[in-house]
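*Asks:* Okay, structure incoming, though there's no sequence with it:
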């Protein structure tokens with residue numbers, strides 16, 4: 001879908017994009033942006049001028065600095081941070097599963113213990129990829 005979509009992802013240094021058939025929603029802690037598909041209603045380069053874009057920006061969270069400080073303190077003390085990797089993994093997994101369901105165009109069943117799709121080899125292929133030489137995870 002990125003090939004047909006005007007949005008290029010340069011509005012923030014992090015965030016998530018939801019690619020739809022009519023618009024793309026980019027969202028991060030600084031706000032959100034909706035970008036229509038350029039080919040949906042306005043084909044060709046001249047269509048860019050007719051596209052309506054909506055956005056919202058926020059000033060950021062007052063918790064950003066304390067969150068960073070808490071992380072650094074936990075690195076030093078070896079304590080578990082509030083925003084630990086386990087909760088980040090679970091949050092990200094939901095988005096990954098949704099994208100795989102979209103790409104395979106079917107309903108999927110997830111085994112949380114095994115972290116695999118039940119009875120769907122194609123969907124499970126999307127969970128991993130081959131790393132470049134010398135790298136592994």
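*Replies:* All right, it came through fine. Bear in mind the structure is a predicted one, so any value in this text is a computation, not a measurement. Residues are numbered from 1 along each chain as shown.
*Asks:* Helices of the chain, residue ranges please.
*Replies:* Assignment of helices within the chain using DSSP state H yields the ranges 38-41, 64-77, 85-104, 121-125.
*Asks:* Of those, give the one that comes closest to residue 29.
*Replies:* Of all these, it is helix 64-77 that lies closest to residue 29, at 7.7 Å by CB to CB. No exception for glycine: its C-beta is placed from N, CA and C like everyone else's.
*Asks:* residues making contact with the closest one?
*Replies:* Identification of contacts with helix 64-77 by CB atoms under 8 Å, 6 or more residues apart in numbering yields 29, 61, 79-83.
*Asks:* again, only using 10 Å
*Replies:* By CB atoms under 10 Å, 6 or more residues apart in numbering, the list of residues contacting helix 64-77 from outside reads 29, 61, 63, 79-84.
*Asks:* can you pick the most crowded of those?
*Replies:* Using other CB atoms under 10 Å as the neighbour criterion, residue 81 leads the contacts of helix 64-77 with 15 neighbours.
*Asks:* residues in contact with that one?
*Replies:* Contacts for residue 81 (CB under 10 Å, 6+ apart) come out as 67, 70-75, 87.
*Asks:* quick one: which of the residues you listed is nearest to residue 125?
*Replies:* The closest of these to residue 125 turns out to be residue 87 (CB to CB; 26.5 Å).
*Asks:* With residue 80 as the reference, measure out to that closest one.
*Replies:* Between residue 87 and residue 80 the computed distance is 10 Å (CB to CB, to the nearest Å).
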